[in-house]
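Trainee: Prediction below, plus the sequence it came from.
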Amino acid sequence: MANDAPATVYLVGAGPGDPDLLTVRAARLIGSAQVIVHDGLVSAEIMALASPQAEFISVAKQRSRHSMPQDGINALLVGLALEGCPVVRLKGGDPFIFGRGGEELEACRAAGVPVEIVPGISAAIGCAAAAQLPLTHRDASSAVTFVAGQCKGLSDQDWSGLAGKGRTLVIYMGVATARAIADKLMADGVSPAMPVAVLEKGTRADARTLRTLLADLADMIVRDDVQSPALIVVGDVVHYAQALDRLGAQAEQMELNA
């Protein structure tokens, strides 16, 4: 029998994959959840924190293929809550950064369902930190912008001023459209020699950091068989990170020689 009052929907950010980067609140909710509605990018290590009695409902999305459309996800969350079942809606990264958390919040509010937002470390912040790549630096960048690389009408979007000297551009979901992204940026005046980095599976055990120049971005992704999830970072901060790598390598060599 349904309860008189709807249960709460918790929109929880799972971060980029490393369970140690979860907030305390997120870890507690995952561990006590009765029902977890989760995306495909949530790591197995984080899913393992849930109770063995928890029910898992996957609403994984992949490019051009959705196990459940967004309207269906909204209806699922609302329906469970109206039945009196608290729901942990587990999302990779942060719910409000390319996570459609705003749409799910609106649907719950419209149905009179209480919602709590539990922020997570966004993919850009977590993956850049794991790669020791600062997104801003006084000598390289004073601004950073996040964009989605899979949005419709990519070529028609106005990205002017988002990348170039003194700025960092972080592109989510851009692996499949990397050639179009590089062509667009160069057509908008960004130098073909602008350094770029691809942060593949950041914070996870199989993470990779790959670096090249903007003109070579698409070819590198094919050459090195880059797999999602991966972020593309465009800007001079990539050169700064390379300098840090060299200093680290020199320090390790000095320790070996000591």
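Mentor: That came through fine. Numbers count the residues shown, from 1 in each chain.
Trainee: Surely residue 169 touches residue 143?
Mentor: No. Under the criterion of Cβ atoms under 8 Å, residue 169 makes no contact with residue 143, lying 9.5 Å away. (C-beta placed from N, C-alpha, C; glycine too.)
Trainee: And these two? Which one has more around it.
Mentor: Neighbours were counted for residue 169 and for residue 143 using other Cβ atoms under 10 Å; residue 169 has more, 25 against 13.
Trainee: Now that we're looking at that one, what pLDDT does it have?
Mentor: pLDDT, the model's per-residue confidence, is 96 for residue 169.
Trainee: can you check the one 4 residues further on too?
Mentor: Confidence per residue is given as pLDDT, and for residue 173 that number is 92.
Trainee: Show the contacting residues for the most centrally placed residue in the chain.
Mentor: Nearest to the mean C-alpha position of the chain, counting by Cα atoms, centre = their mean, stands residue 123 at 3.4 Å. When contacts are counted by Cβ atoms under 8 Å, 6 or more residues apart in numbering, residue 123 is found next to 16, 92-93, 97, 172, 202, 229, 231.
Trainee: go on, residue 148?
Mentor: Applying Cβ under 8 Å, 6+ apart to residue 148 gives the contacts 98, 171-174.
Trainee: same thing but at 7 Å, please
Mentor: Contacts here follow Cβ atoms under 7 Å, 6 or more residues apart in numbering; on that basis residue 148 touches 98, 172-173.
Trainee: Looking at those, which is nearest residue 36?
Mentor: If you rank these by distance to residue 36 using Cβ to Cβ, residue 98 comes first, at 20.3 Å.
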